[in-house]
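Visitor: Take a look and give me a structure for this.
(chains A and B)
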Amino acid sequence: MTKKIRIGIPRALFFYDYYPLYKTFFEEIGCEVIVSRKTDKKILDAGLSASNNELCLPIKLLYGHVIDLKDRVDYIFLPYIISTQEGSYICPKLIGSPDLVKANIPIKLLTIDVDMHAKYSTMFKALRDLAMQIKPNPVELYAAYRKALKEYHTFDGRIKKGWLFEDALAGKQQQYPRTRTIAVIGHTYVFNDEYISSGLISKLQKKNIKVVTSDVLTLNQIKNILGKLGKKTHWNLGNRVFAAALYYARSKDIDGIIYVTPFSCSSDSLVKEFIEAHIPQKPFMTITVDEHSGDAGLVTRLEAFLDMIDRRGSS
Amino acid sequence: MEYYLGIDVGSVSTNVVLIDEKNAVLATTYIRTRGDPLTSVKAGLKEIEHHLPSNATINGVGVTGSARYLIAAMVGADVIKNEITAHAVATTHFHPDARTIIEIGGQDSKIIILEHGVVTDFAMNNVCAAGTGSFLDQQASRLGIPIEEFGNRALQSNADVRIAGRCTVFAESDMIHKQQLGYTTNDIINGLCEALVRNYFATVAKGKDVKKPVVFQGGVAANVGIRRAFSKHLGHDVLVPVHFNVMGAIGAALLARESHTAKSKFKGFDVSHHNFKTTSFTCKDCPNHCEVVEFHQDHKVIAYFGDKCGKYSNRISAHE
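Guide: Next up, the predicted model:
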């Protein structure tokens, strides 16, 4: 038996949105899928030294994850995700991230263009064209894609029901005792990354707070919420965050909203202004995460935020 | 009589206050931290001890400020609180009707919005320390003027000299330029005060509804030039509490009194006779490579900080 082709998927950027889809697809066509380690200091340091200083933190992290994988896989899979919803786009740095990485790190890149405007058919075509080189059998490829899509919908269904990423991936929802509910909004690749978000979600859970995130909204919900406002941003991810802020601001079950944004994210700097202007009634706080290791600033803000909610509630 | 201690250890100053069971402030100290919180807390405690009546017992200790966890382990604290809550508690104690708190300390500046004595919103400066006490300190030393005189010098000016306050680096080049153009030092100092206030409203208080009464506190509130600049910007006076520079410590003491239950964990004033030191090492058990701080009292390790997994820090709490 020939050795399986090893495909590396970096635990960065859209990993947190589409991993089950890609994993299942590549496994179904007979490849072995290897994911990079969870972010740690070594990965961050490797990413910082390999990347250009002008890039945002999440892309620097992508470099670190690629470096972690490059010597143990045959290919690195990184899609060009151009748009996930009609009329708006992914940030240009993210779209071009596979090229950025390839320019600095010698890797064999497997990639596809994803410009789906909410349709998955283009994703299939792209994956099929890519996979034809590995397994030139269109029927089997289609079957693999159907299975991958099913896995993805199961995963995404859990996310939309409010499961947290790790729970949705494991297929088991942990029960957390809850005193309050806080919505954590932002990019999936920031708040789901335990290291870079200084464990914000687990810090909240340790205080018996239930956490919900901005991924629960479907594309249709985002469209409806922002449609009524007559105002949306140019970016897919920005729209998701903005819509989530409005959605949670209206919800009585939510005690407060925390917006986590990576230092030097240009689209977030505008989305933040949009949000602040539109949700005056709900306790809201922005936390900027960067490459510094100290989390004293975060702890102070978080404690003050929770005190504020508690004292507000008891008055 | 029963007494409560509040300790606020910030980047620039260390404050210790003593209050009694009726919340009256009996003694306050304001000591420069100079990068060594352990020594400054010892000095603060010594000073407070002199004011303590002979039959007094300390029923509770509250700590706040950026070094609060370290100092809590050192003195044995009952309450550990963040600066925002501590400041808000102290302010509403003296000014129950306050709606806005402007607090400017050594390295951070805050705005706290209150409604009926409850914090409803707050913000702190982000990464940059422009527009804080350190910024003024730096500019004062550049001009060769003691920081204590800074405010009065500003009051002597009536000219509008505009200095870029967004960044200390730009402020410096702007200042040198204005000096070369022949503006007086007083006018430049006044320009700096206004630049700081402008920067505060452009970054920290951005988008917040600043309602009257406004209370201005923190070390920088000592500066009458800044006070005037705030009043000018807001169009009305700002209140400066009597104990404006130790409000965090007072808040911590009030919180210690409020939550007082059983016996205090306070180790006693003789902690100042013990030898405290910190050492650090890099834990290499996992790729995170945390920098772990070991905190020693005499020859015993009494606390660990900085380990993300809690392997060391849990070791101590398990012993207790």
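
Visitor: Return the list of helices and strands in contact with the helix or strand hosting A:Lys93.
Guide: Here A:Lys93 sits within helix A:92-95, counting by DSSP states H and E. The contact analysis (3 or more Cβ pairs under 8 Å, 6 or more residues apart in numbering or on different chains; DSSP states H and E) places helix A:92-95 against helix A:57-69, strand A:80-83. Bear in mind the C-beta positions are built from the backbone N, C-alpha and C, glycine included.

Visitor: Give me the nearest residue to the residue in the stretch 201-315 of chain A positioned nearest to chain B, chain neighbours excluded.
Guide: Residue nearest to chain B within the stretch 201-315 of chain A (Cβ to the nearest Cβ): A:Ala304, separated by 3.5 Å. Nearest residue to A:Ala304, sequence neighbours excluded (Cβ to Cβ, 6 or more residues apart in numbering or on different chains): B:Ile84, at 3.5 Å.

Visitor: check which helix or strand covers the residue of the stretch 201-315 of chain A closest to chain B.
Guide: A:Ala304 is part of helix A:296-314 when elements are defined by DSSP H and E.

Visitor: so what strands line up beside the helix or strand hosting B:Val293?
Guide: Element membership for B:Val293 (DSSP H and E) is strand B:291-297. For strand B:291-297, the paired strands and their directions (DSSP bridges) are strand B:276-282 (antiparallel), strand B:300-305 (antiparallel).

Visitor: ok, and which of those strands has the densest surroundings?
Guide: Across the strands paired with strand B:291-297, the average number of neighbours (mean count of other Cβ atoms under 10 Å in any protein chain shown) peaks for strand B:300-305, which reaches a mean of 16.

Visitor: what does that strand rub up against?
Guide: Contact with strand B:300-305 is made by B:69-70, B:73-74, B:292-296, B:312-313, B:315-316, as judged by Cβ atoms under 8 Å, 6 or more residues apart in numbering or on different chains.

Visitor: Repeat that for stretch A:188-199.
Guide: Stretch A:188-199 is contacted from outside by A:11-17, A:38-41, A:43-44, A:57-58, A:61, A:164-166, A:184-185, A:200-202, A:213, A:215, A:260-262, A:289, A:295, A:298, B:288, B:308, using Cβ under 8 Å, 6+ apart.

Visitor: Flag every buried residue along stretch A:65-83.
Guide: Within stretch A:65-83, the residues that count as buried by 16 or more other Cβ atoms under 10 Å in any protein chain shown are A:65-70, A:73, A:75-83.

Visitor: Same question for stretch B:290-301.
Guide: The neighbour-count check on stretch B:290-301 (16+ other Cβ under 10 Å) flags B:Cys290, B:Val292, B:Val293, B:Glu294, B:Phe295, B:Gln297 as buried.

Visitor: just these now: which is nearest B:Arg153?
Guide: If you rank these by distance to B:Arg153 using Cβ to Cβ, B:Val293 comes first, at 41.4 Å.

Visitor: That closest one against B:Cys283, yeah?
Guide: No: counting by Cβ atoms under 8 Å, B:Val293 does not reach B:Cys283; the two are 10.9 Å apart.

Visitor: where does chain A come near chain B, residue by residue?
Guide: Chain A has residues A:37, A:40-43, A:195, A:199, A:263, A:276-277, A:283-284, A:288, A:290, A:293, A:296-297, A:299-301, A:303-304, A:307-308, A:311-312, A:315 near chain B, with proximity defined as Cβ under 8 Å from any Cβ of the partner chain.

Visitor: Just the C-alphas of the helix holding A:Lys93, formatted as CSV.
Guide: Taking C-alpha atoms only, helix A:92-95 is exported to CSV below (Å, rounded to 0.1, in the frame of the first residue of the first chain):
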residue,chain,number,x,y,z
PRO,A,92,-7.7,41.6,1.6
LYS,A,93,-4.9,40.5,3.9
LEU,A,94,-6.8,37.4,4.8
ILE,A,95,-7.6,36.7,1.1
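
Visitor: isn't A:Asn236 right up against A:Glu86?
Guide: No: counting by Cβ under 8 Å, A:Asn236 does not reach A:Glu86; the two are 9.7 Å apart.

Visitor: Which one's more surrounded, the two?
Guide: When neighbours are counted by other Cβ atoms under 10 Å in any protein chain shown, A:Asn236 and A:Glu86 differ, and A:Asn236 comes out ahead with 23 against 12.

Visitor: quick one: low-confidence ranges for chain B?
Guide: Scanning chain B with the threshold set as pLDDT under 70 gives B:126-130, B:317-320.

Visitor: Strands of that one, start to end?
Guide: Ranges of strands in chain B, per DSSP state E, are B:2-9, B:13-20, B:25-32, B:57-64, B:79-80, B:100-104, B:109-115, B:118-124, B:214-217, B:276-282, B:291-297, B:300-305.

Visitor: number of nearby residues for residue 58?
Guide: Let's take chain A. Number of residues near A:Pro58 (other Cβ under 10 Å) recorded here: 23.

Visitor: not quite, I wanted chain B
Guide: Here the count is done by other Cβ under 10 Å, and B:Ile58 has 21 residues near it.

Visitor: Now it. Nearest residue, chain neighbours left out?
Guide: Nearest non-adjacent residue to B:Ile58, counting by Cβ to Cβ, 6+ apart: B:Phe266, 4.9 Å away.

Visitor: right, and the one you found touches B:Val79 too?
Guide: No: contact criterion Cβ under 8 Å: B:Phe266 and B:Val79 do not qualify, at 11.2 Å.

Visitor: Between those two, which is the more surrounded one?
Guide: It is B:Val79, of B:Phe266 and B:Val79, that has more neighbours when counted by other Cβ under 10 Å, with 24 against 19.

Visitor: any idea how far B:Asn190 is from the more buried one?
Guide: In this view, B:Val79 and B:Asn190 are 41 Å apart by Cβ to Cβ, to the nearest Å.

Visitor: got a pLDDT number for the spatially most central residue of chain A?
Guide: The centre of chain A sits closest to A:Thr188, judged by Cα atoms, centre = their mean, with a distance of 2.7 Å. In this model, A:Thr188 is scored at 94, pLDDT.
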